[in-house]
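S.K.: return a 3D structure for these sequence lines:
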Amino acid sequence: MKVHFIAIGGSAMHNLALALHHKGYQVTGSDDEVFEPSKSRLAKHGLLPAEMGWNEANITEDLEAVILGMHARADNPELLKAQQLGLTIFSYPEYIYEQTKDKTRVVIGGSHGKTTITAMILHVLNACGVDADYMVGAQLEGFDTMVKLTKEAKIAVLEGDEYLSSPIDRRPKFHLYKPNIALLSGIAWDHVNVFPTFENYVEQFDMFVDLISKKGKLIYCIDDQEVKKVAEESDNDITLLPYSIPPHVIENGVTYLLTDGGKIALKVFGNHNLVNLNGARLVCSSLGIAEDDFYKAIQSFKGASKRLELLAATKHTAVYKDFAHSPSKVKATVEAVRKQFDDRKLIACLELHTFSSLSLKFLEEYRKSMKAAHEAIVYFNPKTIKHKKLPELTKKQVKQAFGRKDLIVITDSKELQKHLKAISWKRKNLLMMSSGSFDGMDLIKLAETVTS
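M.R.: From the prediction side, this is the model:
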């Protein structure tokens, strides 16, 4: 197979390119910019474009597939040439389906927890010696790439994102996978630039459930009222398997599951992670994994990259970073760290980085989301707002939206670092939350300073 990627440098796209390369496909690609770690990973396998930019000469009649990334525009010259030649053009999720249509497809959907649940399932399958193809939204420990596609595996575990498929395909990605087994973790309004109302957003999940194959399964979080409604009002001929938080205790900063076989110590913590774990257990059970084998394997699960990732710790202080950016994720993460270390004060810092989080209309969704923190800090860069072509935000507007009078709002990363370094950190934890990078802040170095 000869395949060309338009916008090969994206996080998802370059991983798919590597997966196809490992499968023996002839892969080429183009992009106008490629950043790390995509750049080094593509270069290592000879897939990095020799020159940056778009070139119609890359599109030839012998291409069997052209895969179009979200970073490309609808008027991309390579895309126009491919359309002119009548070549088969796939979005990223369309091609994932094309590669897995003869397998048992497990799709993990929901506004939060998708990556963690997918990672838990893959961790257990790997520990139990079950071969599976996969697509996940983070680099996982013990896995070389974020995408694996083989001829041999009979199972494919896919993280089901609700964002758009490509510049010319406005369908949500998870509508294209047609799962045999699906999971819904939660529904909390997101991507307001695409789904302008909550009702419109929920509708995408209604459609997702209707697309589960007949006689398939839907595993869903019964604690989320929107998910419960979507699942239980569907007319699709599927089996419904609800899940909730499992019995557990916290002792000396360690969370233990209470099972029929005794107490199981975990390396992860927080109610949201425990709920995620229970959903993953039902998926693994549906794939034939015995419960004892699941519990044995899950004990060594450390979490997905950037999901409550421990950066540094002493006896009295710990520094975590988390991908949390949406209101529901922020609330769950803050509450998890506060509850796990109830003898320490928690200082939580959130960067507003996404289109939704920087939109004044959506900002109200964050109200009380940082209530559990002893000190709450919100950081945003006014230049990011200009880049996204959104109306200006003031510190006063942010403080009002969060509903916390003592909220500290900072708009300069150097000022933020200065503020954090000036704090006396004994018996305090720091939680840094963002889908961005706090404008390039070295969080490892910050964590070392905080814990020194």
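
S.K.: let me see the ranges of the strands in the stretch 251-400 of the chain.
M.R.: For the stretch 251-400 of the chain, the strands defined by DSSP state E, counting those that start in this stretch cover 254-259, 262-265, 309-313, 318-322, 345-351, 375-379.

S.K.: which one of those strands lies closest to Glu64?
M.R.: Nearest to Glu64 among the strands of the stretch 251-400 of the chain is strand 309-313 (39.6 Å), distances taken as Cβ to Cβ. Where C-beta positions appear, they are placed from N, C-alpha and C, glycine not excepted.

S.K.: what strands line up against that closest one, and which way round?
M.R.: Strand 309-313 has the following sheet partners, assigned by DSSP bridges: strand 318-322 (antiparallel).

S.K.: biggest helix in this structure, by residue count?
M.R.: Secondary structure of the chain per DSSP state H: the longest helix is helix 271-286.

S.K.: still on that earlier bit, so for Ile410, which of the strands of the stretch 251-400 of the chain sits nearest?
M.R.: Here strand 375-379 is closest among these (Cβ to Cβ), at 5.0 Å.

S.K.: packing partners for the closest one?
M.R.: strand 345-351, helix 395-402, strand 408-410, helix 413-421 (3 or more Cβ pairs under 8 Å, 6 or more residues apart in numbering; DSSP states H and E).

S.K.: starting at the chain centroid, how far to the first one?
M.R.: Per Cα atoms, centre = their mean, to the nearest Å, the displacement of strand 345-351 from the mean C-alpha position of its chain is 21 Å.

S.K.: in TSV: the helices and strands packed on strand 375-379, plus mean neighbour count and distance to Pro247.
M.R.: Below are those laid out as TSV (neighbours: other Cβ atoms under 10 Å; distance: least, Cβ to Cβ, whole Å):
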stretch	mean neighbour count	distance to Pro247
strand 345-351	23	25
helix 395-402	17	33
strand 408-410	18	38
helix 413-421	15	37
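
S.K.: just send these back as JSON lines, with distance to Glu199 too.
M.R.: Conversion of these to JSON lines gives the following (distance: least, Cβ to Cβ, whole Å):
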{"stretch": "strand 345-351", "distance to Glu199": "27"}
{"stretch": "helix 395-402", "distance to Glu199": "22"}
{"stretch": "strand 408-410", "distance to Glu199": "31"}
{"stretch": "helix 413-421", "distance to Glu199": "37"}
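
S.K.: the domain parsing of this structure - what is it?
M.R.: According to automatic domain parsing, the chain is divided into the following domains: 2-87, 95-298, 309-451.

S.K.: start and end of the first one, how far apart?
M.R.: Chord length of domain 2-87, first to last residue, is 12 Å (Cα to Cα, to the nearest Å).

S.K.: before we move on, what about stretch 49-65?
M.R.: Per Cα to Cα, the first residue of stretch 49-65 is 18 Å away from its last.

S.K.: what lies in contact with that stretch?
M.R.: 1-4, 6, 8, 28-34, 66, 76-78, 81-82, 85, 87-90, 95 (Cβ atoms under 8 Å, 6 or more residues apart in numbering).

S.K.: 7 Å instead?
M.R.: Contacts with stretch 49-65, where a contact means Cβ atoms under 7 Å, 6 or more residues apart in numbering, come from 1-4, 8, 28-33, 76-78, 81-82, 85, 87-88, 90, 95.

S.K.: could you pick out the buried ones from those residues?
M.R.: Neighbour counting by 16 or more other Cβ atoms under 10 Å classes 3-4, 8, 28-31, 76-78, 81-82, 87, 90, 95 among the contacts of stretch 49-65 as buried.

S.K.: and which of those is nearest Leu274?
M.R.: Taking these together and measuring to Leu274 by Cβ to Cβ, the closest member is Tyr95, at 34.7 Å.

S.K.: related to what we said a few turns ago, report the mean confidence score over the longest helix of the chain.
M.R.: Mean per-residue pLDDT for helix 271-286: 97.

S.K.: how about that helix: buried residues?
M.R.: So, applying 16+ other Cβ under 10 Å, buried residues of helix 271-286: 272-284, 286.

S.K.: nearest to Val107, of the residues you listed?
M.R.: So of the buried residues of helix 271-286, ranked by how close each gets to Val107 (Cβ to Cβ), first place is Val283, at 10.1 Å.

S.K.: what sits closest to that closest one if chain neighbours are left out?
M.R.: Spatial nearest neighbour of Val283, chain neighbours left out: Ile121 (5.3 Å); criterion: Cβ to Cβ, 6 or more residues apart in numbering.

S.K.: quick one, what contacts that neighbour?
M.R.: 157, 280, 283-284.

S.K.: switch to 6 Å and redo it
M.R.: 157, 280, 283 (Cβ atoms under 6 Å, 6 or more residues apart in numbering).

S.K.: over to Leu308?
M.R.: 320, 322.

S.K.: farthest pair within the buried ones among the contacts of stretch 49-65?
M.R.: Greatest spacing in the buried ones among the contacts of stretch 49-65, by Cβ to Cβ: Pro77 and Tyr95 (21.1 Å).

S.K.: I'd like to know how far Lys296 sits from Glu203.
M.R.: According to Cβ to Cβ, to the nearest Å, Lys296 stands 40 Å off from Glu203.

S.K.: meant to ask about Lys148
M.R.: 32 Å.

S.K.: who has more neighbours, the two?
M.R.: Using other Cβ atoms under 10 Å as the criterion, Lys148 and Glu203 rank with Lys148 on top: 22 against 13.

S.K.: can you list the residue ranges for helices in the stretch 201-350 of the chain?
M.R.: Applying DSSP state H, counting those that start in this stretch to the stretch 201-350 of the chain gives helices spanning 225-232, 271-286, 291-298, 327-340.
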